[in-house]
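Colleague: sharing a sequence plus its predicted fold:
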Amino acid sequence: QLQASGGGLVQPGGSLKLSCAASGFALDDYAIGWWRQAPGKSREGVSCITGSGDTTFYADSVKGRFTISRDSVKNTVYLQMDSLKPEDTAVYYCFKDLYAYCSGDPGGWGQGTQVTVSS
């Protein structure tokens, strides 16, 4: 099970940190990723971290601004979002990959958290 949190309203240029708390499995066994979906747009993969935690991936649209990390003790994955832009506005979902590497195939996902970037 996955529980995403940390969304909210932030001004352009601001920061937010999303959390994805995992239960029922160990982060070491699966890659965890984030995707987002804005109204009227298709789902977009944002970032992923492998089960080993040593490899990360980012969409070009967020590279250099977002950072994915994890805390194995807390069994939680984080998405630090800096220099936020209005086009980052979306519902953000975390998902458990089917594998320990980032295949993009979701084995499960949690409820989303709304991120709104607006002045």
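Modeller: Perfect, I can see it now.
Colleague: which is the next helix or strand following the one helix or strand in the chain whose mean pLDDT sits lowest?
Modeller: In the chain, no helix or strand scores lower on mean pLDDT, DSSP states H and E than strand 106-109, which sits at a mean of 78. Remark: after strand 106-109, the chain's next helix or strand is strand 113-117, criterion DSSP states H and E.
Colleague: so who does the residue nearest the centre of the chain touch?
Modeller: In the chain, the C-alpha nearest the mean C-alpha coordinate belongs to Trp34, at 3.0 Å (C-alpha atoms, centre = their mean). Residues in contact with Trp34 (C-beta atoms under 8 Å, 6 or more residues apart in numbering) are Leu18, Cys20, Gly45, Val46, Ser47, Cys48, Ile68, Leu79, Tyr92, Tyr93, Cys94, Phe95. Glycine gets a C-beta too; all of them are placed from N, C-alpha and C.
Colleague: now render those residues as a markdown table, adding pLDDT.
Modeller: Compiled in a markdown table, the contacts of Trp34 are given as follows (pLDDT from 0 to 100):
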| residue | pLDDT |
| --- | --- |
| Leu18 | 98 |
| Cys20 | 95 |
| Gly45 | 94 |
| Val46 | 97 |
| Ser47 | 97 |
| Cys48 | 97 |
| Ile68 | 98 |
| Leu79 | 98 |
| Tyr92 | 97 |
| Tyr93 | 95 |
| Cys94 | 94 |
| Phe95 | 93 |
